[in-house]
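Undergrad: whatever this is, show me its structure:
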Amino acid sequence: MPAVNQQFMSRAVGACSAADDLEHMPVAQVLAHFAVKPDRGLSSAEATQRLARYGPNAKWSLAAELLGHFTGPIAYMIEAAAIISAVVSHWDDFAIIAGLLFRTDRAGGDGMVTP
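TA: This is a model prediction of the structure:
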C-alpha cells in the first residue's frame with residue numbers, strides 16, 4: 001500500500017477501537033461503522049467535520065513512490081558506485097552494481113536481499 005494511503009488509513013483507523021479490523025470487514029459493516037450512506041453522501045457539515053478529524057485526501061503518484069525507493073544513504077552510495085564504474089568504463093562492475101540497486105529496491109529498499 002502506498003505510503004500516502006497508509007498515512008490516511010492510520011489516521012482513519014486510529015479513530016477506531018483495536019477490535020475493528022476494517023480491511024477484513026464486509027463493506028456494509030465499514031459503511032455502518034463510519035455512518036456513511038452511499039446513496040446520499042455526506043452533508044457539508046459532516047464533510048467539514050471529517051476533514052478536520054482525518055485531514056484531506058492525499059494524492060498518490062507512482063513516479064514519486066518509485067523514486068522514493070532510490071533515495072536514502074544506502075541507495076545514494078550504490079548509485080555513486082554505479083556512476084563511478086560507468087565513468088571509468090568498468091561495465092561489468094556497473095552492471096553488477098546496477099543489478100544490486102534494482103534488486104535492493106525490489107526487496108523493500110532496506111538493503112537486505114532475500115532469495
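
Undergrad: contacts and neighbour counts: CA atoms only from here.
TA: Will do.

Undergrad: right, and residue 98 touches residue 82 too?
TA: Yes. If you go by CA atoms under 8 Å, residue 98 and residue 82 touch, sitting 6.2 Å apart.

Undergrad: which one of the two has more residues nearby?
TA: Applying other CA atoms under 10 Å to residue 98 and residue 82 shows that residue 82 carries more neighbours, namely 22 against 18.

Undergrad: give me the phi and psi for the more buried one.
TA: The phi/psi pair for residue 82 (degrees, to the nearest 10) reads phi -70, psi -40.

Undergrad: ok, and the closest non-adjacent residue to it?
TA: Leaving aside its sequence neighbours, residue 82 sits nearest to residue 94 (CA to CA, 6 or more residues apart in numbering; 5.1 Å).

Undergrad: distance of that neighbour relative to residue 100?
TA: For residue 94, the distance to residue 100 equals 10 Å [CA to CA, to the nearest Å].

Undergrad: what about residue 25, neighbour count?
TA: Neighbourhood size, residue 25 [other CA under 10 Å]: 11.

Undergrad: and it, what element?
TA: Assigned by DSSP states H and E, residue 25 belongs to neither a helix nor a strand.

Undergrad: state the distance from it to residue 32.
TA: 11 Å.

Undergrad: now the one helix or strand residue 49 maps to: average pLDDT?
TA: In the assignment (DSSP H and E), residue 49 maps to helix 44-54. For helix 44-54, mean pLDDT is 88.

Undergrad: what comes up buried for it?
TA: residue 54 (16 or more other CA atoms under 10 Å).
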